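Colleague: My questions concern the predicted model and sequence given below.
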Amino acid sequence: MKIQKRHWGLILYLFLLLLPIYWMLNMSLRTNADILSGFALYPSSPTLQNYLKIFTDSSWYSGYINSIIYVTMNTVISLLTALPAAYAFSRYRFIGDKHVFFWLLTNRMAPPAVFLLPFFQLYSTFNLIDTHIAVALSHCLFNVPLAVWILEGFMSGVPREIDETAFIDGYSFPRFFITIFLPLIRAGIGVTAFFCFMFSWVELLLARTLTTTNAKPIAATMTRTVSATGLDWGLLAAAGILTIVPGALVIWFVRNHLAKGFALGRV
Amino acid sequence: MVKWDNNRAWFLVIPVFVIVAFSAIIPLMTVVNYSVQDIFGPGQRYFIGAEWFREVLHDERLHAALWRQFLFSGLVLLIEMPLGVLIALAMPKKGWTASLVLVLLALPLLIPWNVIGTIWIIFTRPDIGLMGAFINQTGIPFDHTASPLDAWITVMLMEVWHWTPLVALLAYAGLRAIPEAYYQAAKIDGASRWAVFWYIQLPKMRGVLTIALLLRFMDSFLIYAEPFVLTGGGPGNSTTFLSIYLVKVAVGQFDLGPAAAFSLVYFLIVLLFCFLFYQALQAVGTGEKG
């Protein structure tokens, strides 16, 4: 394959893109003493002790478990509620549909910092502070609207004739929806789940505010380490690398639909 | 698409409405409540009208943060949009290289936002960071913890690094949607590379680029975790953007009233831009919506 001029630009860009991540990987494979003793482009004596510490110390690995629990809960809630709503927005005209649709978008764009204190109060009232469900519910603020928008985009790509045919054939709505319609938008559901997963996984401000110990996400554990010891670079880097892994695994499965998802289903 | 008229469709929307209302309307009401009250202690609240709003709107530091925020979002968009389009144009069209490039591009988007900050601390530290150490090697002093300009450069670089892939992915999706026939016609007419870009590719990308602009503007306007971890808003207040300032007021000083008034002003600005973009989105007609 002949490499054209424009491809060199792309290769250079990708190189620069991966450089910071490489540097974190490099740090994660070195001990603190090694890191602080001098500058090195690659680890001369690579060690896995940083990773070992994370996997054996419960205050570290429980962070990952907490994150995964509330992210999963959020994804399930978002999908279950968004699927019927997206269908309604895609197929029907009803009173206030456009307004509600826009209102949903404004919540996706709402600054999480604005909701910080009210959320804390709200979930305190219900005695939900430091539970996984509190974080999962709070992330619904931006993930449910996102899910509705993405799914609506995918659903509108399915011709309406399919619904009409099914209803003429005597399918009930739930049966049509589950056995015919859902398989048709499989890709859309996958992409939506991925995006809910991703945005819940990367959000920290709310997750940190609503948790103290039992449901503390990994990203918050990392922040704490920065302030407490300040200099445990190797451990910090290893924890960072591990936060990339789940997303990087999932991304491969949705790679062909990524862009459509980012475009809220509108390409 | 022609839609059926059916008001019973509301029943399908109710779950979403309830769950979002619970996490949006109730908290917003709390914020409105706070913004017009002075709180001395539990049960001791006094209605003081628009007092907090007056105070917030005259807050010099808020003005500074707002101006900084607009400058930041503007600069970021100016860099990210053209760069993203350029990358999309250079991306391979099919085969395993296309998949590989897509996955690599999406990688920064999947990293928790405060980890992004952590990565960039590690990357730009003057003593142990690759970039920081490299720049200092060349003789130019660089330290984002001491110099406001260096801090800005670092935060901008981080933001561009983090989010340009999003613009590239969207532009790429737009390019893929252009039928091959358009290119063939252009070839027959002997159109130049530039003409193809200006008259075919750019207009066809208008829809996705509007979405990219919307998402990028909003997310950069709400930026919090990355600069917070990287610089903590400093040195001085040089990288204190709106969200960081809000959290400082709300959590740091625990001034609930002013923080609530600030929140509402902030939210209204976001709402305004959201509405403008929504209108733009409807106007460009990205296919399905009408």
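Modeller: That came through, no problem. Numbering: from 1, shown residues only, chains lettered A, B, ... in the order given.
Colleague: Checking B:A151 next. Helix, strand or coil?
Modeller: Under DSSP: H, G, I helix; E, B strand; the rest coil, the three-state class of B:A151 is helix.
Colleague: how many neighbours does it have?
Modeller: Other residues within reach of B:A151, judged by other Cβ atoms under 10 Å in any protein chain shown, total 24. The C-beta positions use only the backbone N, C-alpha and C, and glycine is treated the same way.
Colleague: dump the residue contacts of the closest residue to B:S23 other than its chain neighbours.
Modeller: Spatial nearest neighbour of B:S23, chain neighbours left out: A:L141 (4.3 Å); criterion: Cβ to Cβ, 6 or more residues apart in numbering or on different chains. By Cβ atoms under 8 Å, 6 or more residues apart in numbering or on different chains, the contact list for A:L141 reads A:N107, A:A110, A:P112, A:F115, A:L206, B:V20, B:S23, B:A24.
Colleague: where do the strands sit along the chain?
Modeller: All of this is about chain A. A:92-93 (DSSP state E).
Colleague: Can you look at chain B instead?
Modeller: Secondary structure of chain B (DSSP E): strands located at B:4-5, B:37-41, B:44-47.
Colleague: and the longest one, average pLDDT?
Modeller: Along strand B:37-41, the predicted local confidence has a mean pLDDT of 69.
Colleague: Equivalent analysis for the shortest one, please.
Modeller: Mean pLDDT, strand B:4-5: 80.
Colleague: shaky segments in the chain?
Modeller: Picked chain A for this. A:1-4, A:223-231, A:259-267 (pLDDT under 70).
Colleague: Chain B was what I was after
Modeller: If you take pLDDT under 70 as the line, chain B has these spans: B:1-2, B:39-46, B:254, B:284-290.
Colleague: Regarding it, what is its longest helix?
Modeller: Using DSSP state H, we find that the single longest helix of chain B is helix B:60-90.
Colleague: out of everything not next to it in sequence, what's closest to B:D150?
Modeller: Nearest to B:D150 is B:H144, by Cβ to Cβ, 6+ apart, at 4.6 Å.
Colleague: is it possible to export the contacts of A:L141 to TSV including distance to A:L52?
Modeller: Supplementary listing: the contacts of A:L141 in TSV, determined by distance: Cβ to Cβ, whole Å:
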residue	distance to A:L52
A:N107	42
A:A110	41
A:P112	34
A:F115	38
A:L206	31
B:V20	43
B:S23	39
B:A24	43
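Colleague: What is the nearest of those to A:A193?
Modeller: B:V20 (18.3 Å; Cβ to Cβ).
Colleague: check contacts around the residue nearest to B:D150.
Modeller: B:T124, B:G132, B:D150, B:A151, B:I153, B:T154, B:V155, B:L230, B:T231.
Colleague: B:I87 now?
Modeller: B:I87 neighbours (Cβ under 8 Å, 6+ apart): A:L10, A:Y13, B:L105, B:T164, B:P165, B:A168, B:A171.
Colleague: Swap in 7 Å and give it another go.
Modeller: Counting by Cβ atoms under 7 Å, 6 or more residues apart in numbering or on different chains, B:I87 makes contact with A:L10, A:Y13, B:A168.
Colleague: How many residues are close by the last one?
Modeller: It refers to B:A168. 28.
Colleague: With the first one instead?
Modeller: The criterion is other Cβ under 10 Å. On that basis, A:L10 has 22 neighbouring residues.
Colleague: Is it correct that it is in contact with B:A90?
Modeller: Yes - at 4.2 Å, A:L10 counts as touching B:A90 under the criterion of Cβ atoms under 7 Å.
Colleague: Next up, the contacts around the closest residue to A:V114 other than its chain neighbours.
Modeller: Among residues not flanking A:V114 along the chain, B:S263 sits closest, at 4.1 Å (Cβ to Cβ, 6+ apart). Shown in contact with B:S263 (Cβ under 7 Å, 6+ apart): A:V114, B:V31, B:L246.
Colleague: run the last query once more with 10 Å
Modeller: Residues near B:S263 by Cβ atoms under 10 Å, 6 or more residues apart in numbering or on different chains: A:110-111, A:113-118, B:27-28, B:31-32, B:34-35, B:56, B:246, B:249-250.
Colleague: cool, A:T243 as well?
Modeller: A:63-64, A:67, A:201-202, A:217-219, A:222, B:110-112, B:114-115, B:118.
Colleague: returning to what we had before: can you give me how far the longest helix of chain B is from the chain middle?
Modeller: How far helix B:60-90 lies from its chain's middle: 9 Å, per Cα atoms, centre = their mean, to the nearest Å.
Colleague: For that helix, buried residues please.
Modeller: B:62, B:65-66, B:68-69, B:72-73, B:76-77, B:79-81, B:83-90 (16 or more other Cβ atoms under 10 Å in any protein chain shown).
Colleague: what's the answer for stretch A:119-138, then?
Modeller: For stretch A:119-138, by 16+ other Cβ under 10 Å, it's A:119-120, A:122-123, A:128-129, A:131-138.
Colleague: Counting only helices, which of those residues make the cut?
Modeller: Filtering the buried residues of stretch A:119-138 for helices - DSSP H - leaves A:F119, A:F120, A:L122, A:Y123, A:H132, A:I133, A:A134, A:V135, A:A136, A:L137, A:S138.
Colleague: Would you quantify the distance from A:M27 to B:A24?
Modeller: 40 Å (Cβ to Cβ, to the nearest Å).
Colleague: Comparing those two, which shows the higher neighbour count?
Modeller: Per other Cβ under 10 Å, whichever of A:M27 and B:A24 has more neighbours is A:M27, with 28 against 22.
Colleague: how many neighbours does the residue nearest to the more buried one when sequence neighbours are not counted have?
Modeller: Once flanking residues are discounted, A:M27 sits nearest to A:A237: 3.7 Å by Cβ to Cβ, 6+ apart. Residue neighbour count, defined by other Cβ under 10 Å, stands at 24 for A:A237.
Colleague: so A:A237 touches A:R30, yeah?
Modeller: Yes - the pair A:A237 / A:R30 is scored as a contact, 8.4 Å apart, by Cβ atoms under 10 Å.
Colleague: By residue count, what's the longest helix in chain A?
Modeller: helix A:58-91.
Colleague: Check whether it comes near chain B.
Modeller: Yes - counting by Cβ under 10 Å from any Cβ of the partner chain, chain B is contacted by helix A:58-91 at A:67, A:77-78, A:80-91.
Colleague: so how far is that helix from its chain's centroid?
Modeller: 9 Å.
Colleague: Name the residues of it that are buried.
Modeller: Buried, per 16+ other Cβ under 10 Å, within helix A:58-91: A:60-64, A:66-75, A:77-79, A:81-91.
Colleague: now do stretch B:186-194
Modeller: Going by 16+ other Cβ under 10 Å, stretch B:186-194 has these buried residues: B:A186, B:A191.
Colleague: Residues contacting that stretch, please?
Modeller: Here stretch B:186-194 has contacts from B:L89, B:Y183, B:A185, B:A195, B:V196, B:F197, B:W198, B:Y199, B:I200, B:Q201, using Cβ under 10 Å, 6+ apart.
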